[in-house]
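1. mind looking at a prediction? Sequence and model below.
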Amino acid sequence: MLDQVRTDIDSLMAEIGRNARAAARPLAIATAEAKNRALDAMAAEILAGRDAILAANAIDLANARESGVAASFIDRLTLTAERIEGIAGALRDIAGLKDPVGDVIAEWDRPNGLHIERVRTPLGVIGVIYESRPNVTADAGALCLKAGNAVILRGGSDSVNSSQAIHSCLVAGLKAAGLPEHAIQYVPVTDRAAVGAMLSGLGGTIDVIVPRGGKSLVARVQSEARVPVFAHLEGLCHIYVDKSADLDMAKTIVVNAKMRRTGICGAAETLLIDRAAADTHLAPLLEGLRAAGCEVRATDEIRARIENLVAATETDWSTEYLDAIISVTLVDGISGAIEHINRWSSAHTEAVIAEDPAVVERFFTEIDSAILLHNASTQFADGGEFGMGGEIGIATGKMHARGPVGVEQLTSFKYRVRGTGQVRP
């Protein structure tokens, strides 16, 4: 029986791969107008299908609550009328972005008269594997479409009903614009074997994999993938508060970075405070966090100063809580902060709060995470906040795409060389 199930999944996934490759060809040459019509139609379908999407989401939420998952997980899974409006708005925003396909990145002339252009082209077929957030279904589908790519979406089992309801709206939008309905496909089974099939490349039909989820998912993808991966590891994001920091600003930023939405990858997980500012900054910062409902896990040095804090262990420095918990330690100035971050960070996002320009310069120069911020919340680690539109995720690797993965990062390039009869001597 298990062999039969595996055979059925392999056959299903092979068909999905073939359909995606077939859809990628006309999609690569689709006009910007056709893609934008599809995106606008998708937004309209999302709004028209709001009740059906909410009903599907209610099933997923009931199942999640029954399984006893954390409140932060429920928040990521939950759809509301307002969030559905946000999904539709994101689709329209992506339609409003400049079409990257055919964009001339660079051009130059050679002494022999050849004119060379580097031009953006679609990647082809993208596989996106993600967990719990049903809005990713729309975001990923739309971004891949805008960049001229076909996409195979494999969402988490926890959000399968919500994601399928959203996906049906995307397909309706494709049909309305006359684009291939297989340009955006959703894997309809929750068996983990489907993920394995995608990681194998589906017989050469998938060009790149984008994982968006927890550490175990990304680790599996990186270990098993036989196609290139845009790696998005966990968001072990740090905030360093220097002795030169404005205290009121620091308190506002720290509370926002941790507590605005605790379940996103840009949420701060570790707070580093300059030991030279312990007398002035430590207590107000921790009071602000606790008043907002955050559990503080601190070193013995800090607990000797402030009562009723949870003792931090070494594990805390490598933990992405995705919850109202933060680990805190004192460091010896910017040098101590750099040492701690370079040891424990997942190279996602870090922030420095300081008025001393020399501190900021060292922070920006000596830390090699994908996103670095000065006097701003780590929750800005988001393609939309960068003016890049929505994003599939934050890439923490160093090849091809790094930071927010939006429409430009979902393209490759080719060279166009124009001559007037030149031959090589």
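-> Cool, got the structure.
2. quick one: residue 194 from residue 154, how far?
-> Distance, residue 194 to residue 154, using Cβ to Cβ, to the nearest Å: 6 Å. Glycine gets a C-beta too; all of them are placed from N, C-alpha and C.
3. more neighbours, the two?
-> Taking neighbours as other Cβ atoms under 10 Å, residue 194 and residue 154 compare with residue 154 leading, 25 against 20.
4. identify the residues contacting that one.
-> 127, 128, 129, 130, 186, 187, 194, 195, 198 (Cβ atoms under 8 Å, 6 or more residues apart in numbering).
5. quick revisit: intersection of neighbour lists for residue 194 and residue 154?
-> Counting by Cβ under 8 Å, 6+ apart, the residues touching both residue 194 and residue 154 are residue 187.
6. quickly list the domain ranges of this protein.
-> With automatic domain parsing as the criterion, the domains of the chain are listed as 2-230+405-417, 237-386.
7. end-to-end on the last one?
-> Here the two ends of domain 237-386 are set 18 Å apart, with distance taken as Cα to Cα, to the nearest Å.
8. what about the helices in the stretch 1-150 of the chain?
-> All helices of the stretch 1-150 of the chain, identified by DSSP state H, counting those that start in this stretch, fall at 2-28, 32-48, 50-66, 71-77, 81-95, 135-146.
9. what's around the closest residue to residue 330 other than its chain neighbours, how many residues?
-> The shortest distance from residue 330 to any residue other than its chain neighbours is 4.4 Å, reached at residue 275 (Cβ to Cβ, 6 or more residues apart in numbering). Taking other Cβ under 10 Å as the neighbour definition, residue 275 ends up with a count of 16.
10. I'd say residue 275 and residue 335 touch.
-> No - with contact defined as Cβ atoms under 8 Å, residue 275 does not count as touching residue 335 (11.1 Å).
11. not counting sequence-adjacent ones, nearest residue to residue 224?
-> The spatially closest residue to residue 224, leaving aside those adjacent along the chain, is residue 199, at 4.5 Å (Cβ to Cβ, 6+ apart).
12. now do that neighbour, the pLDDT please.
-> If you check residue 199, the pLDDT there is 95.
13. before we move on, the earlier item: so which of the helices of the stretch 1-150 of the chain gets nearest residue 402?
-> Checking the helices of the stretch 1-150 of the chain against residue 402 by Cβ to Cβ gives helix 135-146 as the closest, at 16.3 Å.
14. packing partners for that closest one?
-> Under the contact criterion of 3 or more Cβ pairs under 8 Å, 6 or more residues apart in numbering; DSSP states H and E, the helices and strands touching helix 135-146 comprise helix 32-48, helix 81-95, strand 125-130, strand 150-154, helix 160-176, strand 184-186, strand 208-212.
15. can I get those in a markdown table with mean pLDDT?
-> Shown next, in a markdown table, are those (pLDDT from 0 to 100):
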| stretch | mean pLDDT |
| --- | --- |
| helix 32-48 | 98 |
| helix 81-95 | 95 |
| strand 125-130 | 95 |
| strand 150-154 | 98 |
| helix 160-176 | 97 |
| strand 184-186 | 98 |
| strand 208-212 | 90 |
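16. where does pLDDT dip in the stretch 101-250 of the chain?
-> 232-233 (pLDDT under 70).
17. what's the answer for the stretch 251-400 of the chain, then?
-> Low-confidence segments of the stretch 251-400 of the chain, defined by pLDDT under 70, span residues 383, 389.
18. show me where it has its strands.
-> For the stretch 251-400 of the chain, applying DSSP state E, counting those that start in this stretch gives strands covering 268-274, 295-298, 310-311, 325-331, 349-353, 371-374, 394-395.
19. buried deepest among these, which one?
-> Most buried of the strands of the stretch 251-400 of the chain, by mean neighbour count (mean count of other Cβ atoms under 10 Å): strand 349-353, with a mean of 29.
20. what's that one in contact with?
-> Judged by Cβ under 8 Å, 6+ apart, the contacts made with strand 349-353 from elsewhere in the structure are 235, 237-242, 245-246, 249-250, 253-254, 257, 266, 268, 334, 337, 341, 359-360, 363, 367, 369-378, 381, 394.
21. between strand 268-274 and that strand, find me the angle.
-> Between the axis of strand 349-353 and that of strand 268-274 there is an angle of 30 degrees, by axes from the mean of the first three to the mean of the last three Cα atoms, to 10 degrees.
22. paired strands for strand 349-353, with orientation please.
-> With DSSP bridges as the test, strand 349-353 is paired with strand 237-241 (parallel), strand 371-374 (parallel).
23. can you redo those as a markdown table with distance to residue 105?
-> As requested, these are exported to a markdown table (distance: least, Cβ to Cβ, whole Å):
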| stretch | distance to residue 105 |
| --- | --- |
| strand 237-241 | 31 |
| strand 371-374 | 22 |
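24. and of the ones you listed, who's closest to residue 305?
-> Each of the strands paired with strand 349-353 has some distance to residue 305 by Cβ to Cβ; the shortest is strand 237-241, at 15.3 Å.
25. and the closest one, how far out from the chain's middle?
-> Using Cα atoms, centre = their mean, to the nearest Å, the mean C-alpha position of strand 237-241 is found 20 Å from that of the whole chain.
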